[in-house]
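Peer 1: The sequence and its predicted three-dimensional model are supplied below.
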Amino acid sequence: MKKNIFVVLIFFLFMTIVGELQAEQSLGRQLFRNINIGWDINHTNDYRWSDFHIGTAYGQKFEENSRVSWQIGVNYNWNKYTLFADGNYAMGNYNAVLRNQSISIPFIASYELYKSFFTGIKLYTGPIYEMVFASSMDRIPFYNYNPAQFGWTVGTKIRFLAIFNSKIAYNFYPTPMFRDGTFNRSALSVSIGF
């Protein structure tokens, strides 16, 4: 229950910060324009990770250089990890399934390489903070995880047909998932949005 309250507080804090940062465009338009859904995927000898997330973001261009911008987002994540029985993170003689839900807050800086009315290309990078608040191992509550996760993302954003965009990125989390200091994860991330 305390974790759910904490998640709600993080969400309201994000919305308050974004509300204070309103400038050229309305808050509603920015949040609508930056709605996205995405997937993170990775398959190694030790585990398979699949993540579905939905989120939005708020950002602005720098006055000194309009090709450079920043953006802070919030995503709700549903993660599924299959830990292979013959891998480094085995939980027994069978493939174990770890599921968790989390809120992630990416803060990225981007540089616009190309822009026309219909298309555009940006490169971006930045830190990600993720708060894991619910976890289960083979459908049984699991508590041996680090709730605070820090990561880094590097990617590209491609705008097409004037209103749609796709992002392709590499996400790396040096913070171990498990409290015993194991299970560092990384993934290819693909998302689609407005």
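Peer 2: Yes, it's here.
Peer 1: hang on, Gln30 is in a helix, isn't it?
Peer 2: Yes: counting by DSSP: H, G, I helix; E, B strand; the rest coil, Gln30 is part of a helix.
Peer 1: Excluding chain neighbours, what is closest to Tyr94?
Peer 2: Leaving aside its sequence neighbours, Tyr94 sits nearest to Ala85 (CB to CB, 6 or more residues apart in numbering; 5.4 Å). Placement of C-beta: from N, CA and C, glycine included.
Peer 1: quick one: the strands in this protein?
Peer 2: Counting by DSSP state E, residue ranges of the strands within the chain are 36-43, 47-61, 68-83, 96-115, 120-137, 140-141, 148-160, 164-173, 185-193.
Peer 1: Is Ser110 in contact with Gly120, as I believe?
Peer 2: No: contact criterion CB atoms under 8 Å: Ser110 and Gly120 do not qualify, at 10.6 Å.
Peer 1: Could I get the buried residue list for stretch 102-115?
Peer 2: By neighbour count on 16 or more other CB atoms under 10 Å, the buried set for stretch 102-115 is Ser102, Ile103, Ser104, Ile105, Pro106, Ile108, Ser110, Glu112.
Peer 1: what's the average pLDDT for it?
Peer 2: The pLDDT scores in stretch 102-115 average 94.
Peer 1: Stretch 158-165 too?
Peer 2: 81.
Peer 1: What residues sit buried inside that stretch?
Peer 2: Buried-residue list, stretch 158-165, by 16+ other CB under 10 Å: Arg159, Asn165.
Peer 1: hey, what's the residue nearest the centre of the chain bridged with?
Peer 2: Per CA atoms, centre = their mean, the C-alpha nearest to the average position across the chain is that of Ser104, at 5.1 Å. According to DSSP bridges, the residues that bridge with Ser104 are Asn75, Glu130.
Peer 1: What separation is there between it and Ser136?
Peer 2: 19 Å (CB to CB, to the nearest Å).
Peer 1: go on, Phe62?
Peer 2: Between Phe62 and Ser136 the computed distance is 43 Å (CB to CB).
Peer 1: ok, those two, which is more surrounded?
Peer 2: Between Phe62 and Ser136, Ser136 has the larger neighbour count (other CB atoms under 10 Å), namely 14 against 11.
Peer 1: The more buried one contacts Gln101, doesn't it?
Peer 2: No: Ser136 is beyond contact range of Gln101, at 9.6 Å (criterion: CB under 8 Å).
Peer 1: pLDDT below threshold where in this structure?
Peer 2: Applying pLDDT under 70 to the chain flags residues 1-25, 162, 194.
Peer 1: Centre of it to the edge, which residue is at the far end?
Peer 2: Residue farthest from the centre of the chain, counting by CA atoms, centre = their mean, is Asn93 at 31.6 Å.
Peer 1: what's near enough to touch that one?
Peer 2: Ala85 (CB atoms under 8 Å, 6 or more residues apart in numbering).
Peer 1: same thing with the one 3 residues further on?
Peer 2: For Ala96, the contact set (CB under 8 Å, 6+ apart) comprises Thr82, Leu83, Ala85, Ala90, Met137, Asp138.
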